[in-house]
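[1] please work out how this folds:
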Amino acid sequence: MPKLTIDGNEIEVEAGVTILQAAETLGIEIPRFCYHERLAIAGNCRMCLVEVEKMPKPVASCAMPVGEGMIVHTNNANVRKARQGVMEFLLINHPLDCPICDQGGECDLQDQAMAYGGDRGRYQEEKRSVEDKSYGPLVQTWMTRCIHCTRCIRFITEIAGTPVLGGLGRSEHMEVSKYVDAALSSELSGNLIDLCPVGALTNKPAAYTYRSWELKKTETFDTMDALGSAIRVDARGNEVIRILPRINDDVNEEWLGDRSRFACDGLKRQRLDRAYVRRDGKLVSTSWGEAFALVADKVKGVAGSKIAAIAGDQADCETMVAVKDLLASLGSGNIDCRQDGAKLDASVRASYLFNSTLAGIEDADALLVIGSNPRKEAPVLNARIRKRYLKGGFKAAVIGPKADLTFKHEYLGDSASVLADIASGKHPFFEALKSAKKPAIILGQGALAREDGAAILALAKTLADATGVVAEGWNGFNVLHTAAARVGGLDLGFVPQSGGRDVAGIVDGAAKGDISVVFLIGADEIDMKGLGNAFVVYLGSHGDAGAHRADVVLPGAAYTEKSATYVNTEGRVQRTRLAVFAPGEAKEDWRVIRALSDSLGKPLAYDTPKQIRERLVAVNPVFATTDVVAPAAWGAFGAEGKLSDKPLASAIDNFYQTDPISRASKTMAECTAAFGCGCNHKKTGTHG
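    Purely as a prediction, here's the structure:
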């Protein structure tokens, strides 16, 4: 390990580390524009120049590996003069847009210009102007501001795996542009805004609506998919202006999917802000008391076997445990959190978790994806799999929808019979898994939410046992969920109790008249017409399908409006934080259930967040800690059965509109119009 001296501090680092990285370990900050720790080194902005003794001129510290005995100066007169010269060149063509630029206040170029900029300009020639490009509905371009750091090019090529950007021309004629006017089709395109160190790429939906210093910042977690990405909600007043990713190496690194980032405008559209009851076929606003009284009147005298509850994809754990306790007090076991009908086994935790962990998938050397398109279902996870593929020594195969997953894989078809062949050892990929040191399986909801879902689950377990997917110190059996509420619901046992009905049974029972009262907790994805003449109570935040069908609508809070508990696909307990208040008379969902229980004469035994979280722990000790992933015990699950001839498909048809919030979003509607179903085959001619 080489030793070197930086600004008088001697340090020993690993071979191959750059001077910039070594300086950072000492807490010495070196300015940079092109360098980013998660991207390949470009070395083209030259802002990170340092002086190394015995070298004839300053060197770019981001691209210079350390050497034994190096003596480095990062802030002497020569270095400052060199950086001032670089800054002068960077500002030659840069427009003075700071007063109107959305990047103002959080711009790297502004910050460095304060430190190294001159007090006057010496450039007398005409300034360069560059035509703006169309990057779609999400990313606004101001290409005259571009300083050619190439971060956007490297991200879209390396991380996102959709190489549609590049540099055209040379010297001052260089422009960052799309190849042959290709669409900026990545589901991770919003990350270009974060990476851009100037105002060349900005947030198009929120353009000219905010200044960065006006926003109140709240650190919380995303619930638009099941990854539980760390996010920061920026709000002004009671309006969410934008959502940004936070660094969390265990889950999302520092990336965020476009739906999670840009669907925030749906938080203020089609909101339920007061209680409604249906009179003469129309929903009319009413008071909480009248709504509760109507529910109590309809429930009174109804047998528990005729009452049911379905939890939606964004229901929080506090609400689900309150609903479960309430229905138990009413004598009902008809509860289910699997509104898509997925054949998940709540009795064996390892059977429904992403057991390798999201970060752990980078350790796998063989992967079989079954009934899933991770690029649409979890684009941040797909980027991790691509990251593993780029390291080499990785063999992947897919059974299910044919798609461009941005990593090289063998397509085995879309028939469940292929999985049966692999599990029995007849298929060549069986040996690929068995010979791998850390093989992994990703089982998607598209495979589980079928009539033969339990049989597919059993086959996946058989394959895992036969190929060493589950071994000492490694569990590569992974279920990829698409709903933020799913794992929490399974952990709480929000599934049919003894003699109870599942979602299909509830809908069928309602159609036949066997179910009289149905509580929908943000459940909008079921067949509403199938509920027949049942009395429907909907608790949710948006006027989506469930509210249109309901007889009583109770307004709840969205995930940015409550401190609530969720469990991500890997079993990590996370707690959101209130960023803005719910609109109008809307309340936190569990508080609505608590108040309703009084009207029903079955008061629940908790009144405060502390008390209901103690109830969560009492139901399942996993809720005692947050942000911890504990290995789950392996057991028997799944059921033998006949496989369907139906092709395996992804659980998501349209990446941009999957839930009430994104369906209410104008931005997501524009993306759907621009990119079709979200896989861009209409635009590019390739399905994926």
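[2] CA only for contacts and neighbour counts going forward, please
    Noted.
[3] now Leu492: how far from Leu616?
    For Leu492, the distance to Leu616 equals 8 Å [C-alpha to C-alpha, to the nearest Å].
[4] now list whatever residues contact both of those two.
    Common neighbours of Leu492 and Leu616, counting by C-alpha atoms under 8 Å, 6 or more residues apart in numbering, are Cys317, Val321.
[5] for the nearest residue to Cys98 once chain neighbours are set aside, list the residues it contacts.
    Leaving aside its chain neighbours, Cys98 sits nearest to Gly104 (5.6 Å; criterion: C-alpha to C-alpha, 6 or more residues apart in numbering). Applying C-alpha under 8 Å, 6+ apart to Gly104 gives the contacts Cys98, Gln110, Gly199, Arg211, Ser212.
[6] pLDDT score for the first one?
    You'll see Cys98 listed with a pLDDT of 93.
[7] that one: how many residues sit nearby?
    13 (other C-alpha atoms under 10 Å).
[8] surely Thr565 touches Leu578?
    No. Using C-alpha atoms under 8 Å, Thr565 is not in contact with Leu578, being 11.7 Å away.
[9] which of those two has more neighbours?
    The neighbour comparison of Thr565 against Leu578 (other C-alpha under 10 Å) goes to Thr565, with 23 against 19.
[10] spatially nearest residue to that one, not counting backbone neighbours?
    Arg575 (4.4 Å).
[11] list the contacts for that neighbour?
    Thr220, Phe221, Ser563, Ala564, Thr565, Tyr566, Thr626.
[12] quick check: pLDDT value at the fifth one.
    Think Thr565. pLDDT for Thr565: 97.
[13] I'd like to know how far it sits from Leu165.
    Thr565 sits 39 Å away from Leu165, going by C-alpha to C-alpha.
[14] show me where the stretch 51-200 of the chain has its helices.
    77-90, 108-116, 151-154, 191-195 (DSSP state H, counting those that start in this stretch).
[15] equivalent analysis for the stretch 251-400 of the chain, please.
    Using DSSP H, counting those that start in this stretch, helices in the stretch 251-400 of the chain cover 258-262, 288-299, 317-329, 374-377, 379-391.
[16] could I get the ones you listed as TSV with mean pLDDT, mean neighbour count and distance to Ile422?
    Formatted as TSV, the helices of the stretch 251-400 of the chain follow (pLDDT from 0 to 100; neighbours: other C-alpha atoms under 10 Å; distance: least, C-alpha to C-alpha, whole Å):
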stretch	mean pLDDT	mean neighbour count	distance to Ile422
helix 258-262	97	23	35
helix 288-299	96	17	51
helix 317-329	97	23	37
helix 374-377	96	25	21
helix 379-391	97	21	22
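[17] could I get these as a markdown table with distance to Glu172?
    A markdown table is the format used below for these (distance: least, C-alpha to C-alpha, whole Å):
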| stretch | distance to Glu172 |
| --- | --- |
| helix 258-262 | 32 |
| helix 288-299 | 65 |
| helix 317-329 | 56 |
| helix 374-377 | 37 |
| helix 379-391 | 33 |
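[18] nearest to Met55, out of those helices?
    Within the helices of the stretch 251-400 of the chain, the stretch nearest Met55 is helix 379-391; the backing value is 33.6 Å (C-alpha to C-alpha).
[19] so what touches that closest one?
    Identification of contacts with helix 379-391 by C-alpha under 8 Å, 6+ apart yields 159-161, 187-188, 252, 255-257, 358-359, 361-364, 374-375, 394-395, 405-408.
[20] now swap in stretch 446-458 and tell me
    Counting by C-alpha under 8 Å, 6+ apart, 340-344, 370-372, 416, 419, 637-644, 648-651 sit against stretch 446-458.
[21] filter these to the buried ones?
    340-344, 370-372, 416, 419, 637-638, 643-644, 648-651 (16 or more other C-alpha atoms under 10 Å).
[22] just the buried ones out of the contacts of helix 379-391, please.
    For the contacts of helix 379-391, buried by 16+ other C-alpha under 10 Å: 159-161, 187-188, 252, 255-257, 358, 361-364, 374-375, 394-395, 405-407.
[23] in strands, which of these appear?
    Counting by DSSP state E, these place Lys395 in strands.
[24] now name the helix or strand holding Leu4.
    strand 3-6 (DSSP states H and E).
[25] tell me what that strand is packed against?
    strand 9-12, strand 71-73 (3 or more C-alpha pairs under 8 Å, 6 or more residues apart in numbering; DSSP states H and E).
[26] and it, how far out from the chain middle?
    Put simply, strand 3-6 sits 41 Å off its chain's centre (C-alpha atoms, centre = their mean, to the nearest Å).
[27] over to stretch 78-97?
    38 Å.
[28] how about residues contacting it?
    Residues contacting stretch 78-97 (C-alpha under 8 Å, 6+ apart): 46-51, 58, 73, 113, 116-118, 121, 123, 127-129, 144-147.
[29] same check, this time on stretch 484-492
    223-228, 312-317, 320-321, 337-338, 346, 349, 352-353, 481, 495, 566-569, 571, 616, 619-620.
[30] could you flag which of these are buried?
    The neighbour-count test (16+ other C-alpha under 10 Å) applied to those identifies 223-228, 312-317, 320-321, 337-338, 346, 349, 352-353, 481, 495, 566-569, 571, 616 as buried.
[31] all helices of the stretch 551-688 of the chain, in order?
    In the stretch 551-688 of the chain, the helices defined using DSSP H, counting those that start in this stretch lie at 589-599, 609-619, 660-664, 666-675, 681-684.
[32] quick one: closest of those to Leu412.
    For Leu412, the closest of the helices of the stretch 551-688 of the chain is helix 681-684, at 20.4 Å, according to C-alpha to C-alpha.
[33] tell me the bridge partners for Pro439.
    Here Pro439 sits in beta bridges with Ala366, going by DSSP bridges.
[34] kindly report the same for the one 4 residues further on.
    Using DSSP bridges, the beta-bridge partners of Leu443 come out as Ile370, Val479.
[35] pLDDT score assigned to it?
    97.
[36] next one: Glu125
    89.
[37] on that earlier part again, mind checking which of the contacts of Gly104 are buried?
    Neighbour counting with 16+ other C-alpha under 10 Å marks Gln110, Gly199, Arg211 as buried within the contacts of Gly104.
[38] and the second one, how far from Gly540?
    Applying C-alpha to C-alpha, the value for Gly199 to Gly540 is 38 Å.
[39] quick one: low-confidence parts of the stretch 101-250 of the chain?
    Applying pLDDT under 70 to the stretch 101-250 of the chain picks out residues 181.
[40] residue ranges for the strands of it, please.
    139-141, 165-168, 175-178, 201-203, 216-221, 230-236, 239-245 (DSSP state E, counting those that start in this stretch).
[41] tabulate the CA atom coordinates of the second one in PDB.
    So that's strand 165-168. Extracted in PDB, the C-alpha atoms of strand 165-168 (Å, rounded to 0.1, in the frame of the first residue of the first chain):
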ATOM      1  CA  LEU A 165     -26.700  10.600 -25.200                       C
ATOM      2  CA  GLY A 166     -23.300  11.400 -26.500                       C
ATOM      3  CA  GLY A 167     -21.000  14.300 -27.400                       C
ATOM      4  CA  LEU A 168     -21.200  15.500 -31.000                       C
END
